[in-house]
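Asker: Okay, sequence plus prediction incoming.
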Amino acid sequence: MKKLSMLFVALVASFMISCGGASTPSDAVAEVYDLMIDGDYEAASKTFYFGEKSPEEEAQGQAMILSMLEQKAKPTLEKKGGLKGYEILGETIAEDGKTAKVEVKLIYGNGTEEKNKVDMALDTKGNWRPAMKK
């Protein structure tokens with residue numbers, strides 16, 4: 001019984017750690033692109049950080065991102081055969097430790113590739129999230 005309760009504690013702890021947000025800017029970028037590959041634009045839109053905004057303002061921002069993803073990114077991705085993969089090329093964290101840039105190579109279904117830089121920021125809970133510039 002003791003082994004079973006220890007296993008349960010270990011499982012709960014690992015679940016809580018995995019749900020606790022991205023620990024590095026690269027991890028956060030990978031999470032976003034994994035969602036994009038899966039076609040889960042709604043979840044991808046919820047990863048963006050808009051600064052210290054009210055819940056209403058954040059919801060409006062996420063709705064704007066979702067609209068952009070569905071109306072612009074999705075058709076572009078479809079023309080390129082979909083997003084098939086990505087490769088994190090590097091990350092640079094600012095001296096203040098609160099912002100970062102992640103360079104990523106996107107790999108499309110038609111064989112083309114594209115490099116992109118993603119601006120990242122630490123949210124108020126200490127999680128790295130894609131940042132919306134003002």
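Answerer: Happy to help now that I have it. Treat the numbers as computed from the prediction; the structure is a model and nothing was measured.
Asker: gap between Y33 and G39?
Answerer: As defined by C-beta to C-beta, to the nearest Å, Y33 lies at a distance of 12 Å from G39. For glycine as for every other residue, the C-beta is placed from the backbone atoms N, C-alpha and C.
Asker: neighbour count winner among these two?
Answerer: Here Y33 and G39 are set side by side on neighbour count (other C-beta atoms under 10 Å), and the busier one is Y33, at 20 against 13.
Asker: wait, isn't that one in contact with L83?
Answerer: Yes: with contact defined as C-beta atoms under 8 Å, Y33 counts as touching L83 (7.0 Å).
Asker: which residues touch the spatially most central residue of the chain?
Answerer: When C-alpha atoms, centre = their mean is applied to the chain, the residue found nearest the centroid is V32 (3.0 Å). The neighbours of V32, taking C-beta atoms under 8 Å, 6 or more residues apart in numbering as the test, are 44, 47, 118, 130.
Asker: Apply 10 Å and report the result again.
Answerer: Contact criterion C-beta atoms under 10 Å, 6 or more residues apart in numbering gives 22, 43-45, 47-48, 86, 102, 104, 118, 120, 129-130 as the residues in contact with V32.
Asker: now swap in V102 and tell me
Answerer: With contacts taken as C-beta under 10 Å, 6+ apart, V102 has the following neighbours: 24-30, 32, 88-93, 116-120, 128, 130.
Asker: same check, this time on D96
Answerer: Residues touching D96, when contacts are defined by C-beta under 10 Å, 6+ apart, comprise L122.
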